[in-house]
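>>> got a structure for you, letters missing:
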């Protein structure tokens with residue numbers, strides 16, 4: 001069990017740093033899409049680790065409900081951060097200042113919430129968004145604070161080895 005918790009933490013750390021890096025993508029919208037794929041892939045990997053059946057559409061709905069209900073200000077900053085990249089020079093700089101930290105924190109919070117839910121025997125079918133919303137908000141704030149303290153500190157985690165292909169975004 002300890003190994004599974006440690007592996008979950010490694011997956012969360014790796015995908016969080018990847019999401020932060022994807023926040024640097026200068027193309028408006030592409031950054032948000034890349035972060036969404038990383039978050040979906042993280043939940044998929046956690047579900048596999050905990051031997052939980054993964055349902056992509058159900059997971060998307062849960063992620064949207066969690067994030068939309070808890071952090072509308074952060075989400076609007078995220079969308080604004082992505083959209084502002086369309087403004088030459090200054091827009092890219094402003095977008096780069098906002099997106100990486102928000103992307104990293106949101107992914108880390110999602111990972112922590114799902115890992116705890118799976119660790120206690122939960123599945124995607126019994127995930128109660130209303131009950132988990134406050135927990136997600138606290139994890140998001142903690143992750144944002146950690147990211148602010150870590151700037152320039154720790155290097156990104158090494159990529160965990162994957163046995164199968166990452167989740168592909170449905171087009």
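Arrived safely. These numbers were taken from a predicted model, which means no experiment stands behind them.
>>> all contacts plus neighbour counts: C-alpha atoms, from now on.
OK.
>>> what number of residues are in the vicinity of residue 114?
Taking other Cα atoms under 10 Å as the criterion, the count of residues near residue 114 is 24.
>>> not counting its neighbours along the chain, what's nearest it?
Using Cα to Cα, 6 or more residues apart in numbering and skipping the chain neighbours, the partner closest in space to residue 114 is residue 43 (7.1 Å).
>>> and if you look at residue 18?
Spatially, and ignoring its direct neighbours in sequence, residue 18 is nearest to residue 38 (7.2 Å; Cα to Cα, 6+ apart).
>>> for the one you found, give me its contacts.
15, 18, 19 (Cα atoms under 8 Å, 6 or more residues apart in numbering).
>>> ok, and the most crowded of those residues?
Neighbour counts for these were taken using other Cα under 10 Å; the highest belongs to residue 19, with 29 neighbours.
>>> list the contacts of that residue.
Contacts for residue 19 were tallied using Cα under 8 Å, 6+ apart; they are 34, 35, 38, 39, 100, 103, 104, 107.
>>> closest to residue 113 out of the residues you listed?
Using Cα to Cα, residue 107 is the member of those that lies nearest residue 113, at 10.0 Å.
>>> quickly find the element holding the closest one.
Secondary-structure element containing residue 107, defined by DSSP states H and E: helix 90-119.
>>> that helix packs against which elements?
With contacts defined as 3 or more Cα pairs under 8 Å, 6 or more residues apart in numbering; DSSP states H and E, the packing partners of helix 90-119 are helix 2-22, helix 30-49, helix 72-83, helix 129-150.
>>> now for the protein, the helix or strand with the poorest mean pLDDT.
Taking mean pLDDT, DSSP states H and E as the measure, the helices and strands of the chain show their lowest mean at helix 72-83, namely a mean of 48.
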